[in-house]
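S.K.: Using only what follows, build the 3D model:
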Amino acid sequence: MIPFLFQKNFNKKAYSSTALTSDRHSERNNKRDEANTMKKVVFLDAETMDLPSLDTTALDSLNADVTLYQQTQHTDVAERIHNADAVLVNKVVLSADELQRARKLRYIGVTATGMNNIDHDYCQQAGIIVQNVEGYGTDSVAQHTLTLALNLATNFVAYQHDVRNQAWSASSHFCLLNHPVVELAGKHAVIVGHGELGKRVETLFKAIGMQVSIAARPGKKDDPRPSLASLLPHADVVSLHCPLTEDTDKLINADTLSLMQPTAFLINTARGGLIDEQALYHALKHNKIGGAGLDVLSVEPPPADHVLLNESLPNLLVTPHNAWIGNGARQKLLDKALAHLATFLGQ
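M.R.: Numbering: from 1, shown residues only. Model (predicted):
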């Protein structure tokens, strides 16, 4: 635990010994009263932000009693928030059981876009404001999305493996040609989810010469755009950028995978639950699709025996949910989250 207590500075004056004693007593009382009236803020998983690498001026200047916990286990949540006026949280789950014990709690600031770790029904009933941060990671996640697509298309990892294992050194030719390389220029990309991030990915795909189609929003019957099912048979790259909802849960499943070309790539930098991972494993194992690049899984961190990690699949790239961690993205996230918090605190 790293506690931070911010208090106002008081001017020092010269007094006689009696007056000085009285003034010091008054000053101590003033400071104690001010500390007692300060809002108590708790950050339950500050480690997820890697604060030492960021400019924390906005955090340091908060006129509040702030406590930072690097991580918080489920069993410690209730104790740590019970006296808080405001909570900052990234991925720690806040259920009704914990929240009902926090009688003073009036604000939850989520240092992320997704908020499915919060019991919104209880918060609405209890009058607790829940506020997330949107748009902070657009550049970072879009860059990561393109990186996954390019790595799959160029078989980058396979060639790097060959170089490290001396296959190039042992070759009789000046280059290696043992893994196919796909030029994405002229290929067809399908994007699911056309918010700020989806639009940025569209721009990047078009910048390398790809044709781009936007699928209709899943579950929205009056959306005039073509359905995902109608686009999949013609897609060379399918990139997911939609939230996880009842309509998008396991959006990519055995049925939708069967519609994809055997050379097509699937990219997911959104939510792991968008994909039926068992079905994806089967499709990759039997080369039903060309490959997949994932930055998210349905359970994070994943168990060691996770179906997609339990064996080496040459057509699968998995990164550890780090598409969002660019320094610029995290700085925007921190600044926006603290600006929201400062507004709640009336600062």
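
S.K.: How about residues contacting stretch 306-321?
M.R.: Contacting residues not belonging to stretch 306-321 are listed as 144, 148, 151-152, 157-158, 277-278, 280-281, 284-285, 287, 289-297, 299-302, 304 [C-beta atoms under 8 Å, 6 or more residues apart in numbering]. Quick note: C-beta positions are derived from backbone N, CA and C, even for glycine.

S.K.: Now it: average pLDDT?
M.R.: When pLDDT is averaged over stretch 306-321, the result is 95.

S.K.: low-scoring pLDDT stretches of the stretch 1-150 of the chain, where are they?
M.R.: 1-36 (pLDDT under 70).

S.K.: Could you check the helix or strand harbouring residue 330 and say which residues are buried?
M.R.: Element membership for residue 330, per DSSP states H and E: helix 327-345. Residues 329-338, 340-341, 344-345 are the ones in helix 327-345 that count as buried (16 or more other C-beta atoms under 10 Å).

S.K.: about what we covered before: would you mind listing which of the contacts of stretch 306-321 are buried?
M.R.: By 16+ other C-beta under 10 Å, the contacts of stretch 306-321 give 144, 148, 151-152, 158, 277, 280-281, 284, 289-297, 302 as buried.

S.K.: Any figure for the gap between residue 205 and residue 214?
M.R.: With distances taken as C-beta to C-beta, to the nearest Å, residue 205 is found 11 Å from residue 214.

S.K.: what do you get for residue 123?
M.R.: 33 Å.

S.K.: can you count the residues close to the closest residue to residue 93 other than its chain neighbours?
M.R.: Counting by C-beta to C-beta, 6 or more residues apart in numbering, residue 117 is the residue found nearest to residue 93 once chain neighbours are left out, at 4.7 Å. By the criterion of other C-beta atoms under 10 Å, residue 117 has 14 neighbours.

S.K.: again, but for residue 163
M.R.: 12.

S.K.: Confirm it sits in a helix?
M.R.: Yes - applying DSSP: H, G, I helix; E, B strand; the rest coil, one finds residue 163 inside a helix.

S.K.: quick revisit: what's near enough to touch the residue nearest to residue 93?
M.R.: Residue 117 sits in contact with 89, 91-94, 110, where contact means C-beta under 8 Å, 6+ apart.
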